[in-house]
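1. Coordinates for the following, if possible.
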Amino acid sequence: MKKLLLLTGVLVLTLTISFAQEIEWQKTIGGIDSDLLNSIQQTADGGFILAGMSLSNISGDKTENNTGNWDFWIIKTDVDGNIQWQNTIGGNDYDQPNAIQQTPDGGYIVGGSSDSNISGEKTENSNGLSDFWVLKLDNTGNIQWQQVIGGSGDDMLVSIQQTADGGYVLGGSSDSNISGDKTENSYGLSDYWIVKIDDTGNVQWQQTIGGGGYDVFRSVQLTVDGGFVIGGYSDSNISGNKTENSNGFHDFWIVKTDRDLLWLVFLHPAFQAIKQKIVSVHTTFG
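-> Take a look at the predicted model:
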């Protein structure tokens, strides 16, 4: 029996050692200046799509000059990490991509933040200090459409997920009050800002979620019931949407939303127009 136990222990140890992770390959990709990778996803062909920010001009692996300050730098590699194509996308100021995903048509959706005005590849001026900047790319990185979404303050997009209807849910942090595309005032120093767009980038609905302090958004994921789970960190006490006090300085703050379609309808701009007409009729006829 002791021999059997010893043999079993040796076998388990051998299997553990055999299954330890080993580096298969690695790649250093960059130009002469700072290049920071922020997001990576595997693609349908087994390769990878990379999204980061770059200050480099043509040098090293960089094949295009910088447009302004920081630019989006999108790179597609094969299964072994060899560059297949790349695209530098930016305006004359600070452009930071934070999330990229392959879309069912073989292209890509990339999202981040920008404070550039019309310049380079940027086709819309900034609404304030920094805005959400969303771009749809084809399968070789060419821009199909882009959308700037923001208010007069700082709006920082950090997460993007495609939804079942072909649109996208965007998540980030905002300190903007009602202005530009922002339809709700800030609750405090910074709030979660969730924006739903259709498959061409038009805003369908949005929600500001926060307390009286500093709430920093980090991630959004779709849930099996059709809602969303939203996460970040917060130092807000009970205020605004926050129902519990902070335990210390910053805490995890997780918010689950449902799939209340009526709620979505009430937030939709089309309903707001209808509601305004109803109010006008009621006022006219008493």
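2. From residue 103, how far out is residue 109?
-> 6 Å (C-beta to C-beta, to the nearest Å). Every C-beta, even on glycine, is put in place using the N, C-alpha and C of the backbone.
3. Which one's more surrounded, these two?
-> residue 109 (22 against 17; other C-beta atoms under 10 Å).
4. Please confirm that the more buried one is located within a strand.
-> Yes. Counting by DSSP: H, G, I helix; E, B strand; the rest coil, residue 109 is found in a strand.
5. mind listing what the helix or strand where residue 169 lies pairs with, with the direction of each?
-> Residue 169 belongs to strand 168-174 when assigned by DSSP states H and E. In the sheet containing strand 168-174, its partner strands are strand 155-162 (antiparallel), strand 191-197 (antiparallel), by DSSP bridges.
6. got those strands as a markdown table, with mean pLDDT and mean neighbour count columns?
-> A markdown table is the format used below for these (pLDDT from 0 to 100; neighbours: other C-beta atoms under 10 Å):
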| stretch | mean pLDDT | mean neighbour count |
| --- | --- | --- |
| strand 155-162 | 96 | 23 |
| strand 191-197 | 97 | 25 |
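7. out of the ones you listed, nearest to residue 180?
-> Closest to residue 180 of those, according to C-beta to C-beta: strand 155-162, at 8.6 Å.
8. What lies in contact with the closest one?
-> 98-99, 101, 103-104, 109-113, 127-128, 130-134, 149, 168-176, 182, 193, 217-222 (C-beta atoms under 8 Å, 6 or more residues apart in numbering).
9. same check, this time on stretch 198-209
-> Applying C-beta under 8 Å, 6+ apart, the contact partners of stretch 198-209 are 134, 136, 145-147, 149, 165-168, 174, 181-187, 191-197, 215, 230, 240-241, 255, 257, 264, 267-269.
10. Which elements pack onto the helix or strand containing residue 40?
-> Applying DSSP H and E as the criterion places residue 40 in strand 35-42. Applying 3 or more C-beta pairs under 8 Å, 6 or more residues apart in numbering; DSSP states H and E, we find strand 35-42 packed against strand 48-54, strand 95-102.
11. between those, which gets nearest to residue 211?
-> strand 95-102 (23.3 Å).
12. if we can go back for a sec, could I have the ChimeraX command that selects the buried members from the contacts of stretch 198-209?
-> Here is the ChimeraX selection string for the buried members of the contacts of stretch 198-209, based on 16 or more other C-beta atoms under 10 Å:
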select :134,136,146,147,149,167,168,174,181,182,183,184,186,187,191,192,193,194,195,196,197,215,230,240,241,255,257,267
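13. picking that back up, got any residues that touch both of residue 109 and residue 103?
-> The contact sets of residue 109 and residue 103 overlap at 136, 162 (C-beta under 8 Å, 6+ apart).
14. that older thread, pipe the strands paired with strand 168-174 into TSV and attach distance to residue 86 per row.
-> Output for the strands paired with strand 168-174, formatted as TSV (distance: least, C-beta to C-beta, whole Å):
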stretch	distance to residue 86
strand 155-162	20
strand 191-197	26
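15. so where is the stretch 1-150 of the chain shaky, pLDDT-wise?
-> For the stretch 1-150 of the chain, applying pLDDT under 70 flags the ranges 1-20.
16. Now do the helices in this structure.
-> 2-18, 261-267, 269-285 (DSSP state H).
17. Contact partners for residue 90?
-> Applying C-beta under 8 Å, 6+ apart, we find residue 90 in contact with 66, 67, 68, 69, 70, 71, 72, 114, 116, 120, 121, 122.
18. which one of those has the most neighbours?
-> residue 114 leads the contacts of residue 90 on contacts (other C-beta under 10 Å) with 31 neighbours.
19. which of the residues in stretch 85-93 are buried?
-> The neighbour-count check on stretch 85-93 (16+ other C-beta under 10 Å) flags 86, 87, 88, 89, 90, 91, 93 as buried.
20. so what's the first one closest to, chain neighbours aside?
-> Spatial nearest neighbour of residue 86, excluding adjacent residues (C-beta to C-beta, 6 or more residues apart in numbering): residue 75 at 4.6 Å.
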